[in-house]
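Novice: compute the structure for the input listed below.
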Amino acid sequence: METLFEFQEDSLQISEDVVQVAADNTENGYEIFRILFEHRGSNLHLPRDVVKTLAQRTGWGEYRMLQLISKYQTQSLLVNEEVLMMAAENESNGGEIMKLLFQDSKEDLPVTESVLMAAVANTRCGDECIETFFRYQGDGLQISEMVLIAAAANLSYTGRRCLELFFQSRGQSLQVSVDVVIVAASNRLAGHRVMEVLFQYQGQNLPVSEDVVRTATGNHGEDGYKIVKLLIQQRGQNLPVSEGVVKAAAGNPGKFGYKIMRLLSRYQGENLPMSEDIVKAAAKNTGEHGHEIMKTVLKHQRQSLSYKQF
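Specialist: Down below sits the predicted model:
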């Protein structure tokens, strides 16, 4: 490319198609972009979708291309909701790209519910995107129930961090529905940390229903056990432990299902609901520790008979 400019500097035609092809070049795109801007500067015509193309790419070169566009172009980058979505979903450079887009913009960018949901679902840099949103738009952000649900479902630490940012900004005015708590209870890898944040900021106002507890006892991951333990610590005797809750634990085929059943049995004692359906659920359990669950169920039945006889 340098050679072409050397011999045809003024006559060389650089169309938008050429720029788009360079943007699509994942190996040498940055160097080509650098040469194009050095020779054409702000006169280089950019295709409409070039920013969107670069925002969704995961390579560091694509981020550097966006930096070049920001440096040489006299007008702000063309950033619409679709571009923000691409950046928010980018799990490699999304945080840095989002900062660049907002730094370059001379007007408010469209941070919609869909953009927020994409950001909080990002398992690597979603929290960086949310920090940028708050820095530039603050009180203008609309944090809906669906955004909170998406954050609670995030399987990495970033979901928890996003929730912390929301609570730090909005405090008690942030409404947490039972559906948000149910999703947190179902999170196999990060639900425990998410639930800790919810209790930290909502305390006794956090809605913990029977559905929440049943979802937690049926959670197949290690976090299922941790969540049930946390629920017991936070709510004690007020925790709704129904037949359905115990049945979910009895049928839990996860590695920690038997620990959940033991925890319920120890916590509830003779008050632990027990029925034929629960025994059947344990008998059907195909998990590695299904037999341990059956042992706990049968042991509890024997103890219950002893209590009644006494």
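Novice: what's near enough to touch residue 241?
Specialist: Applying Cβ atoms under 8 Å, 6 or more residues apart in numbering, we find residue 241 in contact with 213, 264, 267, 268, 271, 272, 273. (Each C-beta comes from the backbone N, C-alpha and C, glycine too.)
Novice: at 6 Å instead, please
Specialist: Residues near residue 241 by Cβ atoms under 6 Å, 6 or more residues apart in numbering: residue 268.
Novice: against residue 181, how distant is it?
Specialist: Distance from residue 241 to residue 181, counting by Cβ to Cβ, to the nearest Å: 16 Å.
Novice: same thing with residue 265?
Specialist: Plainly put, residue 265 is 24 Å away from residue 181 if you go by Cβ to Cβ.
Novice: between the two, which one's more packed in?
Specialist: residue 181 (28 against 19; other Cβ atoms under 10 Å).
Novice: what's the helix or strand for the more buried one?
Specialist: helix 178-186 (DSSP states H and E).
Novice: go on, residue 58?
Specialist: Secondary structure (DSSP H and E) places residue 58 outside all helices and strands.
Novice: state the pLDDT value of the closest residue to it other than its chain neighbours.
Specialist: In space, and not counting its chain neighbours, residue 58 is closest to residue 92: 3.7 Å by Cβ to Cβ, 6 or more residues apart in numbering. On the pLDDT scale, residue 92 is placed at 94.
Novice: isn't residue 92 up against residue 57?
Specialist: No. Using Cβ atoms under 6 Å, residue 92 makes no contact with residue 57, being 8.3 Å away.
Novice: looking at these two, which is more packed in?
Specialist: Higher neighbour count among residue 92 and residue 57: residue 57, with 21 against 15, using other Cβ under 10 Å.
Novice: distance of that one relative to residue 84?
Specialist: Noted for residue 57: a distance of 15 Å to residue 84, by Cβ to Cβ.
Novice: what do you get for residue 272?
Specialist: The value you get for residue 272 to residue 84, if Cβ to Cβ is used, is 50 Å.
Novice: do the same with residue 213
Specialist: For residue 213, the distance to residue 84 - Cβ to Cβ - is 38 Å.
Novice: what's the burial count for the residue nearest to residue 115 when sequence neighbours are not counted?
Specialist: Leaving aside its chain neighbours, residue 115 sits nearest to residue 84 (4.6 Å; criterion: Cβ to Cβ, 6+ apart). Close neighbours of residue 84, defined as other Cβ under 10 Å, add up to 27.
Novice: what does residue 171 give?
Specialist: Neighbours of residue 171 (other Cβ under 10 Å): 9.
Novice: so which strand or helix has the residue nearest to it when sequence neighbours are not counted?
Specialist: Using Cβ to Cβ, 6+ apart and skipping the chain neighbours, the partner closest in space to residue 171 is residue 201 (7.6 Å). Element membership for residue 201, per DSSP H and E: helix 191-202.
Novice: in that helix, what counts as buried?
Specialist: 191, 192, 193, 194, 195, 196, 197, 198, 199, 201, 202 (16 or more other Cβ atoms under 10 Å).
Novice: and that helix, what does it pack onto?
Specialist: helix 157-170, helix 178-186, helix 222-235 (3 or more Cβ pairs under 6 Å, 6 or more residues apart in numbering; DSSP states H and E).
Novice: show residues contacting the next helix or strand along the chain from it.
Specialist: Note on helix 191-202: by DSSP H and E, the next helix or strand toward the C-terminus is helix 210-217. With Cβ under 6 Å, 6+ apart as the contact definition, helix 210-217 has outside contacts at 181-182, 185-186, 224, 227-228, 240, 242, 244-245, 248-249, 260.
Novice: with stretch 38-50 instead?
Specialist: Under Cβ under 6 Å, 6+ apart, the answer for stretch 38-50 is 5, 14, 16, 19, 20, 23, 36, 72, 73, 74.
Novice: picking that back up, most packed of the helices and strands packed on helix 191-202?
Specialist: When you average the neighbours per residue for each of those (mean count of other Cβ atoms under 10 Å), helix 178-186 leads with a mean of 23.
Novice: list the helices and strands that one packs on?
Specialist: helix 145-153, helix 191-202, helix 210-217.
Novice: list just the one of those helices that sits closest to residue 254.
Specialist: Closest to residue 254 of the helices and strands packed on helix 178-186 is helix 210-217 (Cβ to Cβ; 10.4 Å).
Novice: give me the mean pLDDT for stretch 208-224.
Specialist: Stretch 208-224 carries an average pLDDT of 97.
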